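Peer 1: One predicted model, sequence on top.
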Amino acid sequence: MYAKCREIEDSRHLFDEIHERNVVCWSSMIVGYIQNDCLKEGLLLFNKMREGLVEGNQYTLGSLVTACTKLGALHQGKWFHGYFSWTAMIVGYAQRGHPKEALKLFTDKRRKFLLPNTITTSSVLFACAQTGYLTMGRSVHGLGIKLGLKDATFENALIDMYAKCHMIGDAWCVFETVFDKDVIAWNSIISGYSQNGYTYEALKLFHRMRLESVSPDAVTLVSVLSACASVGGYRAGISFHGYCMKAGLLSCSVYVGTALLNFYAKCGDAECARLMFDEMGEKNSITWSAMIGCYGIQGDCSRSLELFGDMLKEKLEPNEVIFTTILSACSHSGMLGEGSRYFNTMCKVYNIVPSMKHYACMVDLLARAGRLEEALDFIEKIPIQPDVSLLGAFLHGCKLHSRLDLGEVVVRRMLELHPDKACYYVLMSNLYASEGRWGDANQVMELMKQRGLAKLPGWSQVEMETGDDFSPLVVASHS
C-alpha cells in the first residue's frame, strides 16, 4: 500500500520489521522500488533475497527485467532473460514428453549459478517420475528443503515422483508432512498406492479423504475405479459408479466414463461395459480400446472387429494399444488370417513399430494354429530379444500339439542367454511336467535352487464379506 502511494521509505521500514520474509514480501518490496523508479535499490534488494536463498517468482523477475532495461544493464538483463528461458524450456520438455532433455538442461554445468524456483523443481520432479530417476529426484528433494520450498506444487510433485519411482513409503512420509492437503495431494497418494499394487490401501485412503471433507474429483475416481478393476472389486466399483452419477462426474469427464467401462470389462460384465460405452457422448482411443478388449477377452472376436471398423468410420486413427487389443482378440479366437492382416496393416499402413506384446500375439496365433515351425522362424527374425511372455505363448502351442522337441530347443537357448532368470527354469520344468517327464521337471527345479533362484508364488483374490469397519460400499457412499 505504501509503495503504491509512493511512500517507499515507509514501505521499506515495514519490510525491515518483518523477521520471516517469504517470496511475497520480498517481491512486493522489489516491485515497489522499481515502480517508484528506485531501480538500483530494487536490484540490490534482489541480490539480498538470493543470498537468503529465497527464489523469486514471475512478478519479481518481470520487474527486474524492466529495471535492467531502464538502466541499460545489458548483462544483468540477459541473465534474467536466460533464467526465464531456462525454466520455460525445462517445463516445456517435461510436459511434452521429453523428460531426459529436461533433466539434461537442469544439470547443465553452464547454468549451475541459477537457483531453481518452485516451477523449475516441480517440473524436474515430474521428469524424474517419468524416467524413474530416483537418485535425481532425491537430490531435488534435498535442494528444495535447502531453498525452503514448501508450497503445495512442490510437495505434490514430490509425492508423485516417489510413488512413480515405486518408493511408496517415501511418498507417504511426504504426504503426512503436508499441513493443508488439497485434492491434488490426495490424488497423488491414492494413485500412487493403486499403481504400486496396494489396492485396498488406496480405497481406504479414499475413505479417509471423504472423512476429512475433501471432495474427490475426476482424477480421484479414475484412480479408485482402476484399483477396483485390478482386483475385481465389483461391489465397490458399482458404489463408485453411483457416486460418479451423484457428483455429476460422468457427464463432464471422458476419463471417468472410460475408467468405469474398463472396470466393468475387467470384471467380465460386457453388458454393463457396452451400456457405458453407448451412453458416452465423447470417446477417446482408450475408450474404444477398452470396449474392443472387453469383447476380445470373452472370445467374441467378431464384435471386437466390428467395433474396430466402427472406430475407423469415426475417423479415429488406431494406436499401438488398440492394435495390441485387436491382435489379442484374434489370438483368443484363433483367427490367424485376420490377425496376420491386422499386423501387416499396423506396420505398413500406420507405420507403428511392433512391441513385444504385438510379437507375442502373433506367436500365439501361429502356435495355437499348429504352425510351430513358422512361429519359431518368426521368433528368430524379430529384432528384439524374446521375453517370457512370448516364449510362454510358443510353449503353450507346443503343449497343444505335442511338440516338446521344439519347445525344449527354445527354452534351452533362453537359459543359455539368461541363466539368472528363474522364469525360464519354470517354463522348462512346466514343459517337462506337461509330458509326464517328472524326473526332468524336478531336475530343472533343483538346478534353479542350486543357483539361488526362486519362483515368485502365485496368488488369487476373491471378493468376500468381512466384518471389519472397511467396506467397499461404505468407502464410496460415506457423506
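Peer 2: Yes, it's here. Residues are numbered from 1 along each chain as shown.
Peer 1: okay, Asn442: pLDDT?
Peer 2: Asn442 is assigned a pLDDT of 88 by the prediction.
Peer 1: What's the separation between it and Met428?
Peer 2: To Met428, Asn442 is 12 Å away according to CB to CB, to the nearest Å. All C-beta atoms are positioned from the backbone trio N, CA, C, and that covers glycine.
Peer 1: same thing with Lys109?
Peer 2: Taken as CB to CB, the span from Lys109 to Met428 is 51 Å.
Peer 1: The two - which one has more neighbours?
Peer 2: In terms of neighbours (other CB atoms under 10 Å), Met428 is the more surrounded of Lys109 and Met428; the figures are 25 against 6.
Peer 1: close enough to count as contact, the more buried one and Val409?
Peer 2: No: Met428 lies out of contact with Val409 (CB atoms under 8 Å); the separation is 11.1 Å.
Peer 1: Any regions of the chain where pLDDT drops low?
Peer 2: Scanning the chain with the threshold set as pLDDT under 70 gives 1-7, 21, 23, 26, 43, 45, 47, 50-84, 112-113, 456-479.
Peer 1: which residues touch the strand or helix carrying Gly392?
Peer 2: Assessed by DSSP states H and E, Gly392 sits inside helix 388-400. When contacts are defined by CB atoms under 8 Å, 6 or more residues apart in numbering, helix 388-400 is touched by residues 356-357, 359-361, 363-364, 366-368, 370, 372, 375-376, 379, 403-404, 406-407, 410-411, 414, 421, 423-424, 427, 430-431, 434.
Peer 1: Mind telling me which residue is nearest the centre of the protein?
Peer 2: Computing the C-alpha centroid of the chain and ranking residues by CA atoms, centre = their mean puts Lys164 first, at 6.7 Å.
Peer 1: Ignoring the adjacent residues along the chain, who's closest to that residue?
Peer 2: Of all residues not flanking Lys164 in the chain, Ala129 sits nearest, at 4.0 Å (CB to CB, 6 or more residues apart in numbering).
Peer 1: Would you mind measuring from the one you found to Met356?
Peer 2: Distance from Ala129 to Met356, by CB to CB: 24 Å.
Peer 1: what does Leu307 give?
Peer 2: Counting by CB to CB, the gap from Leu307 to Met356 is 25 Å.
Peer 1: Please enumerate the strands of the stretch 201-350 of the chain.
Peer 2: For the stretch 201-350 of the chain, strands defined by DSSP state E, counting those that start in this stretch do not occur.
Peer 1: how far does the strand or helix carrying Tyr162 sit from the chain's center?
Peer 2: Using DSSP H and E, Tyr162 sits within helix 152-164. Mean-position distance between helix 152-164 and its chain equals 13 Å (CA atoms, centre = their mean, to the nearest Å).
Peer 1: State the next helix or strand along the chain beyond it.
Peer 2: With secondary structure assigned by DSSP H and E, helix 152-164 is succeeded by helix 168-177.
Peer 1: Output the contacting helices and strands for that following helix.
Peer 2: helix 152-164, helix 183-195 (3 or more CB pairs under 8 Å, 6 or more residues apart in numbering; DSSP states H and E).
Peer 1: report the angle between the axes of it and helix 183-195?
Peer 2: 160 degrees (axes from the mean of the first three to the mean of the last three CA atoms, to 10 degrees).
Peer 1: Buried residues, helix 168-177. List them.
Peer 2: Ile168, Asp170, Ala171, Trp172, Val174, Phe175 (16 or more other CB atoms under 10 Å).
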